[in-house]
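Asker: Need a 3D model of the following:
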Amino acid sequence: MKSRYTVGINEYKRMCTEELRSTFLLDNMFQSGQSELVYCEVDRTVVGGFLPTLAPLNLEAGKELASDYFCQRREAGIINLGKQGLVTVDGVKYEMNNVDCLYIGRGSKEVTFESMDPQDPAYFHLVSYPAHREYPTTLATQADANPVNMGSLEDSNHRTIYQYIHANGGIKSCQLVMGVTILEAGSVWNTMKPHTHERRSEVYTYFNLNEDSAVFHMMGSAEETRHIITRDKESVVSPSWSLHSGAGTCAYSFVWAMGGENQEFTDMDHIEVKELK
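Answerer: Purely as a prediction, here's the structure:
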């Protein structure tokens, strides 16, 4: 497991492109036959990528967590960004198709990831936060998610938000909130108008991009915006002080995962476009 230390709102204003990328961008998270985990000091977030192409991969704690097993004091959310796969939690098998979600509760000891077809593998994306109590491990398919239709093609932001782990009728958790947003063809903007939520951080993971496409992830304060160019299956850690929005060179999808003070999805401080600089 690697560690990543972020910076404050004042320090970030002086950072060059490479410094921004090395601080906030998580790339190369999916390596064939390997697991990748990054521990971020922002809300003690762990972001992971599992690409099982040779043999099943195990979820290991690492010395950074100082625990006997990964979920000893943690909960985790998994979204499958690839083809059909299988996650086994303490002997119980959960079959996951593309954009299915699995919540893994605190106290789960043994977690393994495998692809149904290693030649056409599953890409398991993980986000984890500390947890203070146990909730049951639960699988939700895309059909189980709560769909929220937003935006319009006229504004280039027609999209559907699929809420999986959330407080209003979704999978129960301690602090993790998680889902997937899918843009319609012809739309490129997400989270527009942009917003902040000082009470929690967020991880954005972009996917369904071809090798010639990119998403310009917007961050910073309204008075001092920056962007990070992201590619397919790359993540950006967004601290609580930063706005977030983005525009792609084509339609795309992304996983959003939040953790912090509350689980209210609508707890957002919107920023008017005319205020951006």
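Asker: pLDDT weak spots in the protein?
Answerer: 262-268 (pLDDT under 70).
Asker: just checking, what packs against the longest helix along it?
Answerer: Counting residues, the longest helix found in the chain (DSSP state H) is helix 17-24. Applying 3 or more C-beta pairs under 8 Å, 6 or more residues apart in numbering; DSSP states H and E, we find helix 17-24 packed against strand 224-230, strand 234-238. Any C-beta I mention is one placed from the backbone N, CA and C, and that applies to glycine too.
Asker: What ranges does the stretch 151-277 of the chain have for its strands?
Answerer: Taking DSSP state E, counting those that start in this stretch as the test, the strands found in the stretch 151-277 of the chain are 159-165, 177-183, 189-196, 200-207, 215-221, 224-230, 234-238, 244-248, 253-260, 269-270.
Asker: Please identify the most buried of the helices and strands packed on helix 17-24.
Answerer: strand 234-238 (a mean of 25; mean count of other C-beta atoms under 10 Å).
Asker: if we look at the longest helix of the chain, which residues are touching it?
Answerer: By C-beta atoms under 8 Å, 6 or more residues apart in numbering, the surrounding residues in contact with helix 17-24 are 4-7, 12, 15, 27, 219, 226, 228, 236-238.
Asker: any idea which helix or strand comes after that helix?
Answerer: strand 25-26 (DSSP states H and E).
Asker: who touches that next one?
Answerer: Identification of contacts with strand 25-26 by C-beta under 8 Å, 6+ apart yields R4, V38, V47, I228, T230, E234, S235, V236, V237.
Asker: Contacts only, for K93.
Answerer: L86, V87.
Asker: any idea how far it is from M218?
Answerer: Distance, K93 to M218, by C-beta to C-beta, to the nearest Å: 40 Å.
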